[in-house]
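Enquirer: show me how the following folds:
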Amino acid sequence: MSSSLDKLRALTSRLEEKLEEKETISETIPKEKKVSPKEEKVSPKEVIEKPLKTISVTKRNDSSEDVRANNIVRVKVLYEKLKIFEKSPNFDNIFVYKAMNLSGIGLKEDDFGEVREGKYIQIIAITYEPDKNGKKKAKNISLGYFGKAETLEATLKNEIIEFVLRWRYEKAFQNLEHYKDLIERVETPLDTLF
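Expert: Residues are numbered from 1 along each chain as shown. Now for the predicted structure:
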């Protein structure tokens, strides 16, 4: 369990570093009118077509609700852009999956973002379904197929990685809510921390 928690912390740390990099980059770009999907009513298609530098970046001191809201907006944008809707038409249903992974691109600390030559790039959702004996068995579902590793463009690779990481980030928020609800149901002495 601590290994999974350490991995989640490492991924969160890297995501925060990337957000800081984007923030720094957006501050060095000549002043343009910055657009935030939260400020204006903008369709996901318009957000996709705008260059990244014109999208405002979440500040580090925002509340977790703001971070989560911004994350889910970006997940929806990537959901449309990567055409995940073709395999999972209802956006909310993508969070029913137990896990999500990539084939053909490394997400571990030692090979993060490395494309595996000769492999096919896919976003894989993992669910558990009962087999004929009623025993739960893992089932992999392809949510997106992006061809051979050698033909993958760098921008598309980054968006695929970002989608999976942001999906995991939202899933972590949902798991935290679940455990928070369970803790609230337990009678706790008044001298506990939470």
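
Enquirer: show me what counts as buried in whichever strand in the chain runs longest.
Expert: Secondary structure assigned by DSSP state E gives strand 136-148 as the longest strand of the chain. Residues of strand 136-148 classed as buried by neighbour count (16 or more other C-beta atoms under 10 Å): 143-144, 146. Backbone N, C-alpha and C define where each C-beta goes, glycine included.

Enquirer: and residue 183, helix, strand or coil?
Expert: Per DSSP: H, G, I helix; E, B strand; the rest coil, the secondary structure class of residue 183 is helix.

Enquirer: what does residue 118 give?
Expert: Following three-state DSSP, the label given to residue 118 is coil.

Enquirer: again, but for residue 134
Expert: Quick answer, by three-state DSSP: residue 134 is coil.

Enquirer: what's the closest of the buried residues of strand 136-148 to residue 99?
Expert: For these, the residue nearest residue 99 by C-beta to C-beta is residue 143; the value is 12.0 Å.

Enquirer: how close does that closest one get to residue 12?
Expert: Applying C-beta to C-beta, to the nearest Å, the value for residue 143 to residue 12 is 23 Å.

Enquirer: same question for residue 98.
Expert: Taken as C-beta to C-beta, the span from residue 98 to residue 12 is 20 Å.

Enquirer: quick one, which of these two is more surrounded?
Expert: Counted by other C-beta atoms under 10 Å, residue 98 and residue 12 do not tie: residue 12 has more neighbours, with 14 against 11.

Enquirer: I'd like the buried residues of strand 136-148 laid out as JSON lines, including pLDDT.
Expert: Putting the buried residues of strand 136-148 into JSON lines (pLDDT from 0 to 100) gives the following:
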{"residue": "143", "pLDDT": "91"}
{"residue": "144", "pLDDT": "89"}
{"residue": "146", "pLDDT": "89"}
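
Enquirer: between those, which sits nearest residue 82?
Expert: residue 144 (5.4 Å).

Enquirer: I'd say the closest one and residue 122 touch.
Expert: Yes: the pair residue 144 / residue 122 is scored as a contact, 6.4 Å apart, by C-beta atoms under 8 Å.
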